[in-house]
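Okay, sequence plus prediction incoming.
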Amino acid sequence: MAKWVAFFSQTGSEIVELSEQIGRWPDVIISNVRPAHLRTVTAKLKDRPVTLISNKPTADEYTEVLSKAISPGEDYVITLHGWLRVVPEEIILKYPTMFNGHPGLISKYPELKGKDPQMKAWDLNLETTGCVIHKVTAGVDEGPVIKQVEVSIKGLTMNEMFEVLHKKSVNLWAGFLRRNWL
């Protein structure tokens with residue numbers, strides 16, 4: 001069983017729901033320090049140890065936290081759940097088993113890359129969007145898509161669209177981790 005290191009910048013709710021679904025918590029959870037008015041960490045995560053790094057971590061900070069989390073030669077997977085930071089290329093090269101979840105079907109709609117893909121899909125009045133898991137590379141949302149799911153958002157309210165994408169993302173992650181890392 002691989003060591004699982006999970007990063008989040010927002011609420012951490014995806015990590016909580018995913019952990020409950022697969023019956024396993026990440027071995028290490030990492031988040032960035034953000035002002036309280038920018039986010040509220042989900043209550044179920046507040047009882048878990050979370051390693052904090054700066055709001056805009058440097059390569060040295062990534063190296064420090066990941067070298068404590070992953071021993072040389074250890075089997076691991078790093079997952080990014082709403083991690084709103086670009087990981088430096090030297091870190092990606094050192095820790096290549098890193099995957100990002102993205103709530104926009106970038107394989108079909110490349111314009112959904114980057115921040116707020118749900119809002120982009122909404123503003124573009126798309127009939128479908130989806131979620132992907134992609135390998136992390138130096139370019140933002142540029143890595144190869146490993147898993148994806150497409151969903152109809154036609155006729156949904158914005159809140160319904162966010163809910164559907166969140167649930168689909170959790171299920172996508174669950175299948176990916178069960179098949180490959182657990």
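Sure thing, it's come through. Numbering: from 1, shown residues only.

hey, where'd the helices end up in this structure?
Per DSSP state H, the chain carries helices over the ranges 13-22, 59-69, 89-94, 117-123, 158-180.

Can I get these in CSV including distance to residue 139, mean neighbour count and mean pLDDT?
Quick note: C-beta positions are derived from backbone N, CA and C, even for glycine. Output for the helices of the chain, formatted as CSV (distance: least, CB to CB, whole Å; neighbours: other CB atoms under 10 Å; pLDDT from 0 to 100):
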stretch, distance to residue 139, mean neighbour count, mean pLDDT
helix 13-22, 23, 20, 96
helix 59-69, 17, 16, 97
helix 89-94, 9, 15, 97
helix 117-123, 15, 17, 96
helix 158-180, 21, 17, 96
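
Out of these, which gets nearest to residue 142?
Across the helices of the chain, residue 142 has its closest neighbour in helix 89-94 (11.1 Å, CB to CB).

what residues does that closest one touch?
Identification of contacts with helix 89-94 by CB atoms under 8 Å, 6 or more residues apart in numbering yields 59, 62, 63, 66, 98, 136, 137, 138.

can you give me how far that helix is from the chain middle?
Remark: helix 89-94 is offset 17 Å from the chain centroid, using CA atoms, centre = their mean, to the nearest Å.

which residues does the residue positioned nearest the centre of the chain bridge with?
With distances taken as CA atoms, centre = their mean, residue 81 lies nearest the centre of the chain, 2.1 Å away. For residue 81, the beta-bridge partners under DSSP bridges are residue 8, residue 101.
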